[in-house]
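Q: take this sequence and fold it.
(3 chains)
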Amino acid sequence: MKVDVVVIGGGAAGMAAALKASEQGARVVLVERDERVGGILNQCIHNGFGLHYFREELTGPEYAERFKKALEEKDIEVLTNTFVKALDVREKKLVVVSEDGIRILETKALVYAAGARERTFGSLMIPGDRPSGIFTAGVAQRFMNVENRLPGKRALILGSGDIGLIMARRLTLEGVEVVGVVERLPYPGGLLRNVIQCLEDFGIPLFLSSTVVEVRGRERLEEVVVAKVDENFQPIPGTEKVFEVDTLILSVGLIPQIELLEDSVEVNPTSKGIATSNLGQTSEGWIFAAGNCTVIYDLVDYVTYEGEMAGKYAALYAKGERFGPKVAVKAGENVMVVQPNWYDPSEELTLYVRTRKVIEKGRLVVGSFEKTFEELVPSEMMRVKIPRRYLNGLSEIVVEVKEE
Amino acid sequence: MRIAVIGAGVFGSLIARELSKYDVDVMLIEKNLDVGMGVTKANSAIVHAGYDDPPGTVRAKFCVLGNSMYEDLSKELDFEYKKIGSLVVAFDDREVKVLTKLLRQGEENKVEGLRILEREETLAIEPNLNPAVKVSLFAPSAGITEPWMVAIAAVENAMENGAKLILGEGVVGFEKRNGRIAKVVTTRNRYEVDLVINCAGLHADEIAKMAGAEHVDLYPRKGEYILLDKKLGGHVRHVVFPVPTETSKGILVLPTIDGGILLGPTAEDLPSAMKDRPLTTREGLSKVKENAKRLFPKLDLSYVVKTFSGLRPESPQRDFYIGRSKLVENFINVMATRSPGLTAAPAVAKYVVEEIIQGEIGVSLTRKKDFNPFRKGIVHYASLSLERWQEEIRRDPRAGKIVCFCNEVTEKEVIEAIKRGARTLDGVKFRTRAMFGRCQGNFCMPRIMKILERELGTDMSSLTLKSENSWIVDGKVRE
Amino acid sequence: MSALKRLVCVQCPLGCKISVELSDTNRILSIVGNRCPRGEEYARDELENPKRVLTTSVRVLNGEYPLVSVKTNKPVPKNLVPELMKTIRNLKVEAPIECGSVLVEDVLGTGADLVATRTVRRAKG
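A: Next comes the predicted model:
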């Protein structure tokens, strides 16, 4: 089957890309491995989505619904319960599998929007037993909000990122006792508004500079041991506290899902996601990427903007248009993560930046562009538009945040 | 003749299968909710060559024999086995001396193809190995497999040939008559038996004591492991050992059967109270990392998929304890089956049934004419050619519905696993490799639980991970 | 004599840091730091009568999914949330449910409606 643009992934980025590509007149096929589109939004029943894009505060499902409805109105073929088994980068062919059989899709351009997965308990190497009752926050959220099941009766949460905080509230409202949230940094990982709405509102203690050092339980979880940590996140002996809980919820980071492409395209060394230009184009001309598979975003609105960009340019590429030349974007002083990896003057440059540490007052320097920011934290991503004139003539763009 | 085999680990399963070749009633009694969930589940998965066992020991004899049986066995029982060979690497002169000793030992044990490789030869076949290596001992007959699958496959084949599997019943005692075992008493039943074979892994000494038979004292020897992501596959090509010490084969680096990399095990002797607690520790895992780095300095240890711990049934004699009891005539012990247990198991099974039962005890057994030695495993549709897979999907659409994305496992495979006896999440996991991948079930666990719920006609809250009390989810959010 | 109370507004992810100056009789003297009028309203409410938007789930009968995600379309008094949750726990709604439809009007007299935030179609067969 010959197509102009195939979009892999029907989450926020994929839906946005499919819609924009279709707007450009491309013949689009959206491939989604789950039973419905919407991605993680389907289970994020809390507020906080759409303030930028829709200028309205929506819940996850509502945000997704807007795009789902738009998809239905367009002539986009949406294949759900369909899995991408193989991608032939040279032939521009995909093998997709579903209950309807195996199909080969031949395309002119691809938008890869496979999102991220949660860091697992196994990868943390926490000593102790291997009981049931240990969930990543996303799985607990899915059980509660989609499958209608509670994960347990008494829980401890490791990681104070937004998703951990949201789950603290969700669990408490449903009668699960949350004994605390444990965070290895000396400050919370999520937005302050969530610390208030999710922890302070319910009197849930936040244990900073601490981590889980052991889990106990032969069959089901019985106890979790928490200890304080030093500046290098190493447990301090003698500070151990035992919590009797039957559930441990982990919110310890997201990992871009790049496996299908990682041998064929360049990877962003700062985010470990797929490297792209500001057009969403990867190092392989016909392949574009957007969303959490490129860098972990804070707001779904940003994911939508980037998905739209990738969809638009994938469609233009399919029509025969070519872009560039592009200039490398590199992370400089105090910058932990920067996206995109290349600047293509076909569009303005919007930078997404995370600093390496807390900076009270910092000056973002990009070429001859400078802007001062206050209270920069690694957990809050900066989104900054850099006007073209500041980037003219540069053979390399270094993004730095200088401390004042 | 009614024969009870106690313990459905790799030994009990293969013995049950061996017995099912004959006209006997075989009862395989297992205390856990599934087979192969004890010692068999957590070990290095190596089919050893046999140079590491001192000549004259029981394990030396059965290791080499067992090793030679794996090729055919894996074909009959349809489980994966790869003869990738092993290297014991020496970094200094003292270690080189140990290698020469191992070479001689191996030759005495009749290990085939054993030879010393110079540094260049070694690095040619194992390029990422620490270049400081001096020489290595190469054993082409070593291999890797999927240990629990050996047990699962053997049990399925045994059952097809008439053996009975009894799960979730632990043996608590015996009824004796005239000094012989008359009945096996479990937590739920009493079974009349003519012969008992004790393959109860870590608890085999307790079982022997209950029967009034001889035993050796068993204590758990813990080994901690780290499993690395499949994306690192290819970095290591053989089973790589450091030079062994007096007490242990050392901390190894080896490929797993499905393309990952396994590091470990440590070797820590624990008190018998810890028999059912395979724990990982900070120190143990650190040790594994350090030692792995010594063998493969470029190994990227940031791609850890999981860590786990396995317990081996060790005795002070440090050898297998296999034989007919002199105190209880119809009781046979198969205990202290520490390393190289997995390798030796097929040979021990034959020995027990042919040499002990028919030989020593003198029971005359008639071979079944219709014994079917072949067992077909669960088809992994994603490994088929696209044409064949398409056919299968046409026949049953569920063969096209992928539920575990990391390992490309279809709904049909999950249903097949349940048909073959999976009742827990681990039961599905170990039969299909669903949830074994890099997301560790984050995407597929709820989906698989829904399938279990539907196929077993039960509620999600009654499903467990591995054992009766390892419930996964609690009640409903909204009734 | 005045006291300074620091708050973070939760009305939107911008999370403005607001300082409220209080007199010794706890009368609000000034509110600074908010980037929109909702922030000022939030600061007043937070001190006198804190309000929150409640997002949760309601049981669906005969739907393709057992739950429909819901929200109050306005913030409701924080201290009413436990009672609200009780009411919601006993609620059962019949599929099909359209995203945006009102499930309960003026829930518990708060002036806020309980609104469906996803579409749940009727179950097949």
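Q: what's the neighbour count on B:Asn372?
A: 12 (other C-beta atoms under 10 Å in any protein chain shown). The way it works is simple: take the backbone N, C-alpha and C, and place the C-beta from them, glycine included.
Q: residues contacting it?
A: B:157, B:160-161 (C-beta atoms under 8 Å, 6 or more residues apart in numbering or on different chains).
Q: in TSV, list those residues along with neighbour count, pLDDT and secondary structure.
A: Listed next are these as TSV, based on neighbours: other C-beta atoms under 10 Å in any protein chain shown; pLDDT from 0 to 100; DSSP: H, G, I helix; E, B strand; the rest coil:
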residue	neighbour count	pLDDT	secondary structure
B:Asn157	25	98	helix
B:Glu160	16	97	helix
B:Asn161	20	98	coil
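Q: which one among those residues gets closest to B:Glu112?
A: B:Asn157 (27.6 Å; C-beta to C-beta).
Q: pull the contacting residues for that closest one.
A: B:17, B:20, B:76-77, B:372-375.
Q: name the SS class of C:Arg22, please.
A: That one is not Arg; residue C:22 is Leu. strand (DSSP: H, G, I helix; E, B strand; the rest coil).
Q: can you tell me the SS state at the residue nearest to it when sequence neighbours are not counted?
A: The spatial neighbour of C:Leu22 that comes closest, neighbours along the chain excluded (C-beta to C-beta, 6 or more residues apart in numbering or on different chains), is C:Ala3 at 4.8 Å. Under three-state DSSP, the three-state class of C:Ala3 is strand.
Q: and if you look at B:Glu120?
A: helix.
Q: just to revisit the earlier point, any idea how far the residue nearest to C:Leu22 lies from chain A?
A: 19 Å (C-beta to the nearest C-beta, to the nearest Å).
Q: count of neighbours near that residue?
A: 11.
Q: do the same with B:Gly259
A: 12.
Q: again, but for B:Glu408
A: Should you count by other C-beta under 10 Å, B:Glu408 turns out to have 19 residues around it.
Q: again with the one 10 residues further on
A: Applying the criterion other C-beta under 10 Å, we find 20 residues in the vicinity of B:Ile418.
Q: name the nearest residue to it, ignoring sequence neighbours.
A: B:Glu455 (4.7 Å).
Q: what's near enough to touch A:Ile126?
A: So A:Ile126 contacts A:212-215 (C-beta under 8 Å, 6+ apart).
Q: measure it to B:Pro346 for me?
A: 37 Å (C-beta to C-beta, to the nearest Å).
Q: for residue 43, report the pLDDT, please.
A: I'll assume chain A. Reported pLDDT at A:Gln43 in the predicted model: 96.
Q: that's the wrong chain, I meant chain C
A: 87.
Q: so is it in a helix, a strand, or just coil?
A: C:Ala43 - assigned by three-state DSSP - is helix.
Q: that one against C:Val8, yeah?
A: No - taking C-beta atoms under 8 Å as the definition, C:Ala43 is not a contact partner of C:Val8, at 10.2 Å.
Q: helices along the stretch 251-400 of chain A, start to end?
A: Counting by DSSP state H, counting those that start in this stretch, the stretch 251-400 of chain A has helices at residues A:300-319.
Q: domain parsing for chain C?
A: Per the record, chain C has its domains at C:2-48, C:55-116, by automatic domain parsing.
Q: what residues are up against whichever residue of the stretch 251-400 of chain A sits closest to chain B?
A: Distances between the stretch 251-400 of chain A and chain B by C-beta to the nearest C-beta are smallest at A:Glu259, namely 7.0 Å. By C-beta under 8 Å, 6+ apart, the contact set of A:Glu259 is B:231, B:438.
Q: look up how far A:Val265 lies from it.
A: 12 Å.
Q: OK, contacts around B:Glu45?
A: No, residue B:45 isn't Glu; it's Ala. B:144-147, B:256-257, B:262, B:342.
Q: neighbouring contacts of stretch A:114-124?
A: A:8-9, A:11, A:13, A:39-40, A:134, A:136-139, A:248, A:250-258, A:260, A:291-293, A:296, B:227, B:303-307, B:438-440, B:442-443.
Q: check which strands are paired with the worst-scoring helix or strand of chain C on mean pLDDT and give the direction for each one.
A: Lowest mean confidence among the helices and strands of chain C (mean pLDDT, DSSP states H and E): strand C:2-8, at a mean of 78. With DSSP bridges as the test, strand C:2-8 is paired with strand C:17-23 (antiparallel).
Q: report all helices and strands that whatever helix or strand comes next after the strand it pairs with contacts.
A: Per DSSP states H and E, the first helix or strand lying C-terminal to strand C:17-23 is strand C:28-32. Here strand C:28-32 touches strand C:17-23, helix C:37-48, going by 3 or more C-beta pairs under 8 Å, 6 or more residues apart in numbering or on different chains; DSSP states H and E.
Q: let's see that with 10 Å instead.
A: Applying 3 or more C-beta pairs under 10 Å, 6 or more residues apart in numbering or on different chains; DSSP states H and E, one finds that strand C:28-32 contacts strand C:2-8, strand C:17-23, helix C:37-48.
Q: that strand: which residues count as buried?
A: The neighbour-count check on strand C:28-32 (16 or more other C-beta atoms under 10 Å in any protein chain shown) flags C:Ile31 as buried.
Q: who touches it?
A: C:2-5, C:7, C:16-23, C:39-44, C:47-48 (C-beta atoms under 10 Å, 6 or more residues apart in numbering or on different chains).
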